[in-house]
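**Q** below are the sequence and a predicted model; questions follow.
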Amino acid sequence: MPTVERQVTLLNNLGLHVRPAARLAAIAMQFRSDVRIGRDGEAGANAKSGLDLLTLSALYGTVLTVRATGEDAEAAVEAVVREVQAKFGEE
Amino acid sequence: MKMSGLFHRKAFLIDLESDDKRGALRELVEAARTAYGLSRLPVGDVVDAIVAREKLGSTGLGGGVAIPHVKCSAVKSVVGAFGRSARGVDFGAVDGEPVYLLFLILASPARPEEEFMEARRCVALAVRRPNFCKFARSAKTGKEIEELFDEVDEVKAP
């Protein structure tokens, strides 16, 4: 099964706080692939869990690695990256 | 940051009466007002502010947990109120499930943003610990939940 990985920088002022975490989880949940979001080379949090994402404590400027494994890995990574780039609709 | 530091004993509501989001939030805000002696806290306005921000995106992160939060000038630092609902509150959570454990966080706008984030992260770390939610939901008394929070604090966060 394919694994797709991309990096994206957090550009919204407040970083990955509660609402962005919830939004990313809602997006990741739509895909069948396993989706992980990590920072600083760490294994990464389960993107389908808003709580897991919140514990990343990722602030403005953090570079995130988005990795998905599964049939729809490409689409999953694309959707997550796009949401981060759109600053979670906050600004 | 510790759970027992964030959530004062008096700010525990182990049996929320309301089934609806606004009602549950009101109970929590009132509990915070009383527990921390925040006599100038305008309950109605604070609840309105939280509800308005919830519309932008629910703080129901899934797994029956919600972390509603707002900045509030009546607060000097960062404080929390914990609420448990036996029946579950419809919070518009990301997984569509009711919320049974609510962690309200109120923070002063004058304090650093990192402190606010750290409070929410502290809650997220606690909740993710194995069996935390199970124990919190099945606890018979507020004391048991206090002990659960203390236990979580004893383990160093990664």
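**A** Cool, got the structure.
**Q** skipping its backbone neighbours, what lies nearest B:Leu56 in space?
**A** A:Arg19 (6.5 Å; Cβ to Cβ, 6 or more residues apart in numbering or on different chains). In short, each C-beta sits where N, CA and C put it, glycine included.
**Q** would you confirm that that neighbour contacts B:Thr59?
**A** Yes. Counting by Cβ atoms under 8 Å, B:Thr59 is a contact partner of A:Arg19 at 6.8 Å.
**Q** so which of these two has more stuff around it?
**A** Neighbour tally, A:Arg19 and B:Thr59, criterion other Cβ atoms under 10 Å in any protein chain shown: the higher count belongs to B:Thr59, 30 against 22.
**Q** name the residue of chain A that lies nearest to chain B.
**A** Residue nearest to chain B within chain A: A:Gly50 (3.1 Å; Cβ to the nearest Cβ).
**Q** phi, psi for that residue please.
**A** phi -60, psi -40 (degrees, to the nearest 10).
**Q** which elements pack onto the helix or strand of chain A with the lowest mean pLDDT?
**A** When the helices and strands of chain A are scored by mean pLDDT, DSSP states H and E, helix A:50-54 comes last with a mean of 89. Judged by 3 or more Cβ pairs under 8 Å, 6 or more residues apart in numbering or on different chains; DSSP states H and E, the packing partners of helix A:50-54 are helix A:18-28, strand A:45-46, strand B:60-62, helix B:113-128.
**Q** in its sheet, what does the shortest one sit against?
**A** Here strand A:45-46 has these sheet partners by DSSP bridges: strand A:34-39 (antiparallel).
**Q** and the angle for the strand it pairs with with helix A:18-28?
**A** 150 degrees (axes from the mean of the first three to the mean of the last three Cα atoms, to 10 degrees).
**Q** so what touches strand A:34-39?
**A** Contact with strand A:34-39 is made by A:24, A:28, A:43-48, A:53, A:56, A:58, A:62-70, A:76-77, A:80, as judged by Cβ atoms under 8 Å, 6 or more residues apart in numbering or on different chains.
**Q** using PDB, list the CA coordinates for that strand.
**A** In PDB, the C-alpha atoms belonging to strand A:34-39 read as follows (Å, rounded to 0.1, in the frame of the first residue of the first chain):
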ATOM      1  CA  ASP A  34      -3.700   5.600   8.400                       C
ATOM      2  CA  VAL A  35      -2.700   9.300   8.700                       C
ATOM      3  CA  ARG A  36       0.000  10.600  11.000                       C
ATOM      4  CA  ILE A  37       1.200  14.100  11.700                       C
ATOM      5  CA  GLY A  38       4.500  14.600  13.400                       C
ATOM      6  CA  ARG A  39       7.100  17.200  14.200                       C
END
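**Q** quick check: closest non-adjacent residue to A:Ala25.
**A** Nearest one to A:Ala25, counting by Cβ to Cβ, 6+ apart, is A:Gly50 at 3.9 Å.
**Q** next, count neighbours for that neighbour.
**A** A:Gly50 has 33 nearby residues by other Cβ under 10 Å.
**Q** go on, B:Lys143?
**A** 12.
**Q** for it, grab phi and psi.
**A** Per degrees, to the nearest 10, the backbone of B:Lys143 is at phi -60, psi -40.
**Q** got the confidence number for it?
**A** B:Lys143 is assigned a pLDDT of 93 by the prediction.
**Q** residues contacting the longest helix anywhere in chain A, please?
**A** Determined from DSSP state H, the single longest helix within chain A is helix A:73-85. Among residues not part of helix A:73-85, those counted as contacts by Cβ under 8 Å, 6+ apart are A:1-6, A:8-11, A:23-24, A:27-28, A:30-31, A:33, A:35, A:37, A:47, A:64, A:66-68, A:70.
**Q** try 6 Å this time
**A** For helix A:73-85, contacts defined as Cβ atoms under 6 Å, 6 or more residues apart in numbering or on different chains pick out A:2, A:4, A:6, A:8, A:27, A:31, A:33, A:35, A:66, A:68.
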